[in-house]
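[1] following is a predicted model, sequence given first.
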Amino acid sequence: MDTLSSRPVYENSWMTVREDTFRRPDGGEGLYGVVDKPHYALVIAMDGSGPAARMMMVEQFRYPLGLRRWEFPQGTAPDRAVMEPGELAARELREETGLAAARWLPLGLLDVAPGLSSQRGRAFLATDLTVGEPDREDTEADMRAAWVSRAEFEDMVRAGEITDAQSIAAYAMLMLSGR
């Protein structure tokens with residue numbers, strides 16, 4: 001497809017919205033609205049191994065949903081900055097949970113909503129953890145953190161307590177990795 005025009009419609013510190021016109025392979029023209037957000041990193045921080053392993057989750061209010069939701073620590077760099085994915089993952093983990101990891105394993109690439117947004121994310125497994133104090137942003141002041149086992153995570157997904165698509169997809173990547 002060939003982009004014929006692109007114009008910004010809205011912009012703030014977290015995203016831009018643009019409207020593109022394009023030409024399809026059959027010659028017809030179309031219109032598309034795209035949400036551009038910086039790439040993000042998501043971290044599954046795991047303490048222990050086997051059935052006794054536990055993962056760090058955070059719960060926060062998600063304004064667009066009007067609900068508090070549990071998810072793995074994740075986020076983007078401030079002011080739509082671009083950061084190396086591993087560096088961003090370490091920053092998000094430390095900021096949201098206070099944890100630092102000595103070992104990092106990339107799990108894979110996630111497309112958030114490819115029919116709507118250009119945003120992509122990298123999922124990581126963080127192990128050999130050191131506990132510290134969180135350094136949350138103002139918008140994360142009400143965030144809570146808790147350790148959950150794999151069985152608890154799966155029960156929370158089944159019960160609709162974890163609905164964050166990125167967290168569920170990252171967990172599937174963890175399972176596929178054999179960890």
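    Yep, that arrived.
[2] can you show me the helices along this protein?
    85-97, 150-158, 165-176 (DSSP state H).
[3] nearest to Pro106, of the ones you listed?
    Comparison of the helices of the chain against Pro106 by Cβ to Cβ identifies helix 85-97 as nearest, at 7.7 Å. C-beta here means a position set from N, CA and C on the backbone, and glycine is covered the same way.
[4] outside of the closest one itself, list whatever touches it.
    39-43, 45, 56, 58, 73-77, 83, 99-101, 104, 106, 122, 124, 126, 132, 134-137, 140, 143, 145 (Cβ atoms under 8 Å, 6 or more residues apart in numbering).
[5] filter those down to the buried ones.
    39-43, 45, 56, 58, 73-77, 83, 99, 101, 104, 122, 124, 126, 134, 136, 143, 145 (16 or more other Cβ atoms under 10 Å).
[6] just those: which are in strands?
    40-43, 45, 56, 58, 74-75, 101, 104, 122, 124, 126, 145 (DSSP state E).
[7] and which of those residues is nearest to Ser13?
    The closest of these, once distances to Ser13 are taken by Cβ to Cβ, is Gly75, at 13.1 Å.
[8] now do the residue lying closest to Ser177 once chain neighbours are set aside, the pLDDT please.
    Using Cβ to Cβ, 6 or more residues apart in numbering and skipping residues adjacent in sequence, the residue nearest Ser177 is Leu107, 6.0 Å away. For Leu107, the pLDDT comes out at 98.
[9] same question for Asp111.
    So Asp111 comes in at 95 (pLDDT).
[10] how about Ala126?
    So, for Ala126, pLDDT stands at 98.
[11] try Pro51
    76.
[12] contacting residues for it?
    Here Pro51 is in contact with Ser149, Arg150, Ala151 (Cβ under 8 Å, 6+ apart).
[13] let's have those in TSV, adding distance to Gly115 and neighbour count.
    Below are these laid out as TSV (distance: Cβ to Cβ, whole Å; neighbours: other Cβ atoms under 10 Å):
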residue	distance to Gly115	neighbour count
Ser149	34	14
Arg150	31	17
Ala151	33	9
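[14] re the thing from before, the residue nearest to Ser177: neighbour count?
    Neighbour count of Leu107, defined by other Cβ atoms under 10 Å: 23.
[15] from Met1, how far off is Gly30?
    Relative to Met1, Gly30 is positioned 8 Å away (Cβ to Cβ, to the nearest Å).
[16] fine, thanks again, bye for now.
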